[in-house]
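Asker: below are the sequence and a predicted model for it; my questions follow.
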Amino acid sequence: SQQGEEDPQALSIQEGENATMNCSYKTSINNLQWYRQNSGRGLVHLILIRSNEREKHSGRLRVTLDTSKKSSSLLITASRAADTASYFCATGGVTGGGNKLTFGTGTQLKVEL
Amino acid sequence: GAGVSQSPSNKVTEKGKDVELRCDPISGHTALYWYRQSLGQGLEFLIYFQGNSAPDKSGLPSDRFSAERTGGSVSTLTIQRTQQEDSAVYLCASSLFQDPQETQYFGPGTRLLVL
């Protein structure tokens, strides 16, 4: 079952614009991770934010986490056509859940030239 | 170094046949996970292995699904008497330890189509 949901389900922007994706989850977590998937195949890990962190940066990526609202956001700045992909949030270390990741529903991002 | 590899990349089978999917984790990674991605269910956890501990099989959808991990390295996911609803992309991931803060690295997946 899905731990959370992401919105929007689909996002289309122009190259150079910023893209923001949101993720909500339901239970207490140890961390939240963001992954990218191209063409329905392997997942590429982007960033992990721990439950005691509020914001994290990696290159053009900025992730925030609000545990009181059980939500996270992924911001991609100065987007490029190569950023076109599906983006998933995944929660890890859910109490009683071992270390398995529980994924959100994903956001399909399309960056147009 | 080499990432997680999976074989075959694609598998087409007939309903009722058995299939075996293989995963080679990153060398030295002690934890190995199987996930499934299908249109109706999204990405869902199937099973994970950690060292010599008993695997967590809580995500396996039915007793037709089983998995082994030999020698703490390569894993095989077996689906017996395949059904059309088993059609999906099967993803394997590994991590250095079974630690909630450890990143899981995914393979390219096996796309299974059951006719």
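Answerer: Everything's here; your move.
Asker: show me where chain B dips below the pLDDT cut-off.
Answerer: Chain B contains residues with pLDDT under 70 at B:1, B:40, B:98-101.
Asker: pull up the residues of it that are close to chain A.
Answerer: B:31, B:33, B:35, B:37, B:42-45, B:48, B:50, B:56, B:58-59, B:89, B:91, B:93, B:95, B:98-109, B:111 (Cβ under 8 Å from any Cβ of the partner chain). C-beta: built from backbone N, CA, C; applies to glycine.
Asker: check those for burial and list the buried ones.
Answerer: B:31, B:33, B:35, B:37, B:43-45, B:48, B:50, B:56, B:59, B:89, B:91, B:93, B:95, B:98-100, B:102-109, B:111 (16 or more other Cβ atoms under 10 Å in any protein chain shown).
Asker: can you flag which of the residues of chain B next to chain A belong to strands?
Answerer: B:31, B:33, B:35, B:37, B:42-45, B:48, B:50, B:89, B:91, B:93, B:95, B:105-106, B:111 (DSSP state E).
Asker: the residue nearest the centre of chain B bridge partners, please.
Answerer: Nearest to the mean C-alpha position of chain B, by Cα atoms, centre = their mean, lies B:W34 at 3.1 Å. In this entry, B:W34 is beta-bridged to B:I47, B:C92, by DSSP bridges.
Asker: for the closest residue to A:I76 other than its chain neighbours, what are its contacts?
Answerer: Distances taken as Cβ to Cβ, 6 or more residues apart in numbering or on different chains place A:A19 nearest to A:I76, at 4.5 Å, with adjacent residues excluded. Shown in contact with A:A19 (Cβ atoms under 8 Å, 6 or more residues apart in numbering or on different chains): A:11, A:13, A:75-76, A:79, A:83, A:109, A:111.
Asker: leaving out sequence neighbours, find the closest residue to A:L48.
Answerer: Closest to A:L48 by Cβ to Cβ, 6+ apart is A:Q33, at 4.7 Å.
Asker: find the helix or strand that that neighbour is a member of.
Answerer: For A:Q33, the host element (DSSP states H and E) is strand A:31-37.
Asker: which parts of whichever helix or strand comes after that strand are buried?
Answerer: On the C-terminal side of strand A:31-37, the closest following helix or strand by DSSP H and E is strand A:43-50. By neighbour count with 16+ other Cβ under 10 Å, strand A:43-50 contains the buried residues A:43, A:46-50.
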